[in-house]
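Chemist: compute the structure for the input listed below.
(one chain, ligands or ions: 1)
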Amino acid sequence: MYDIIIIGAGPAGMTAAIYARRAEKNVLVLEAKSYGGQIVSTPEIENYPAAPHISGFDFATKVYEQAVALGAEFKFEKVTGITDGAVKTVTTSKGSYEGRTVIIATGSECRRLGLPEEGKLVGRGISYCATCDGGFFRKKTVAVVGGGNTALEDALYLSGLAQTVYVIHRRDAFRGDSSTSAKLSAKENVKLVLNSRVTGLEHGDKLTGIEVTDNSGAVSHLDVDGLFIAVGRTPENEPFAGVIELDDAGYIKASENCRTSAAGIFVAGDNRTKEVRQLVTAASDGAVAAGEAIKYLEDN
Ligand code: NAP
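Modeler: Alright, predicted model coming up:
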């Protein structure tokens, strides 16, 4: 029996593990993939206090090592369900674990454009991770679709590798930080394609080009070797839907205290209802959720 089972080893979950271990609770962290979550795909973090330049992978590795050094136990298993009660049971692809409290910190997954053949072309020209796959496109032509911080940072990173980077966004203003978009606009090999959407994929075995439709309905074509899709994320909360309340978009309903509708189950990070989804707010949620779980353990 664990004091606290944490589902998800991103910045929120691993911060929760650090706080819980410092309070000497026994902690299990369950993660379906590898540690780090979404942040490992960020080429460079520039807005985390006291770390003005650090790669997402290095950041995640430091947090993971800190949690392990403090004694948090990690198991890499996909969580498939949870049952509520005085003791909570978390079921995974490999077994089940009992905990007195649970912190759900599963984050979110990449949203797809929903184009025909999009799934089949992943790894054949389509990618959702510039730092993972950018190296395959040295001196080639790529497009990034999206207008948030992920798209802008991906495009900046790719501009250092690829010959030409198109940035395709459905509006005329970016959602991401103005400082990053200014850096991008200054790059000679970056071409902005605004008020436009990717509406088709051209390919043989691999992606060869994309169809682009602007907001007036005019259709054009771009030859590209790679398409990096960065159009936001959706929360990974399906295994918990029957147990705790979600909002219409699938986020776990919670306020700043990270409590869910079920006593003893807490949520931390991007998969909860909140205004600001940033690395620093994910880490903050981890600390708050761990604090709430510790209080719950003392009171029950
Ligand atoms: P996001 O901020 O939600 O931006 C998604 C972008 O994709 C928006 O520009 C949106 O257009 C566009 N979009 C959505 N659906 C689309 C579709 N079907 N077709 C075409 N375009 C579509 O997502 P994100 O960039 O992944 O960022 C997620 C969160 O992480 C944000 O809070 C972001 O600030 C944060 N983040 C922070 C950092 C950092 O702190 N260094 C790095 C990366 C991300 P509209 O603008 O028209 O809605």
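Chemist: which residue ranges make up each domain of this protein?
Modeler: The record assigns the chain these domain ranges, following automatic domain parsing: 2-109+233-299, 112-229.
Chemist: can you tell me which of those domains is most buried?
Modeler: Highest mean neighbour count of those: domain 2-109+233-299, a mean of 20 (counted as mean count of other Cβ atoms under 10 Å). Using the backbone N, CA and C atoms, a C-beta is placed for each residue, glycine as well.
Chemist: do that domain and the ligand meet at all?
Modeler: Yes - using Cβ under 6 Å from any ligand atom, domain 2-109+233-299 reaches the ligand at Thr42, Ile45, Asn47, Arg233, Arg277, Gln278, Leu279.
Chemist: any idea how far that domain is from the middle of the chain?
Modeler: 12 Å (Cα atoms, centre = their mean, to the nearest Å).
Chemist: distance between the ends of that domain?
Modeler: Chord length of domain 2-109+233-299, first to last residue, is 16 Å (Cα to Cα, to the nearest Å).
Chemist: coming back round to it: select from the residues of domain 2-109+233-299 next to the ligand every entry located in strands.
Modeler: Residues of the residues of domain 2-109+233-299 next to the ligand located in strands (DSSP state E): Arg233.
Chemist: how about the residues of domain 2-109+233-299 next to the ligand, which pair is most distant?
Modeler: Asn47 and Arg233 (17.9 Å; Cβ to Cβ).
Chemist: phi and psi next, for the residue nearest to Lys25 when sequence neighbours are not counted.
Modeler: Excluding its sequence neighbours, the residue lying closest to Lys25 (Cβ to Cβ, 6 or more residues apart in numbering) is Asp3, at 3.9 Å. Main-chain torsions, Asp3, degrees, to the nearest 10: phi -70, psi -50.
Chemist: one more: Asn26?
Modeler: Main-chain dihedrals, Asn26, degrees, to the nearest 10: phi -90, psi 130.
Chemist: need the contact list for it.
Modeler: Taking Cβ atoms under 8 Å, 6 or more residues apart in numbering, we find Asn26 in contact with Tyr2, Asp3, Ile4, Glu73.
Chemist: among those residues, which ones are in strands?
Modeler: Mapping the contacts of Asn26 onto strands (DSSP E) picks out Tyr2, Asp3, Ile4, Glu73.
Chemist: ok, the second one touching Ala17?
Modeler: No - if you go by Cβ atoms under 8 Å, Asp3 and Ala17 don't touch, sitting 11.4 Å apart.
Chemist: mutual contacts of these two, please.
Modeler: Val27.
Chemist: return the member of the ones in strands among the contacts of Asn26 nearest to Tyr97.
Modeler: Closest approach between the ones in strands among the contacts of Asn26 and Tyr97, by Cβ to Cβ: Tyr2, at 6.5 Å.
Chemist: test my guess that the closest one contacts Tyr97.
Modeler: Yes - applying Cβ under 8 Å, one finds Tyr2 in contact with Tyr97, separated by 6.5 Å.
Chemist: and for these two, which residues touch both?
Modeler: What both Tyr2 and Tyr97 touch, as defined by Cβ under 8 Å, 6+ apart, is the set Leu28.
Chemist: so what's the residue nearest to the spatial centre of the chain closest to, chain neighbours aside?
Modeler: Centroid-nearest residue in the chain, with Cα atoms, centre = their mean: Gln38, separated by 3.0 Å. Spatial nearest neighbour of Gln38, chain neighbours left out: Gly107 (5.7 Å); criterion: Cβ to Cβ, 6+ apart.
Chemist: can you check Thr92 too?
Modeler: In space, Thr92 is closest to Glu77, 3.8 Å off (Cβ to Cβ, 6+ apart).
Chemist: correct me, but that neighbour touches Ala32?
Modeler: Yes - Glu77 is within contact range of Ala32, at 7.1 Å (criterion: Cβ under 8 Å).
Chemist: Asp154 is in what secondary structure piece?
Modeler: For Asp154, the host element (DSSP states H and E) is helix 149-159.
Chemist: so what does that helix touch, helix or strand wise?
Modeler: helix 130-133, strand 141-145, strand 164-168, helix 178-185, strand 226-229 (3 or more Cβ pairs under 8 Å, 6 or more residues apart in numbering; DSSP states H and E).
Chemist: same thing but 10 Å
Modeler: Applying 3 or more Cβ pairs under 10 Å, 6 or more residues apart in numbering; DSSP states H and E, one finds that helix 149-159 makes contact with helix 130-133, strand 141-145, strand 164-168, helix 178-185, strand 190-193, strand 226-229.
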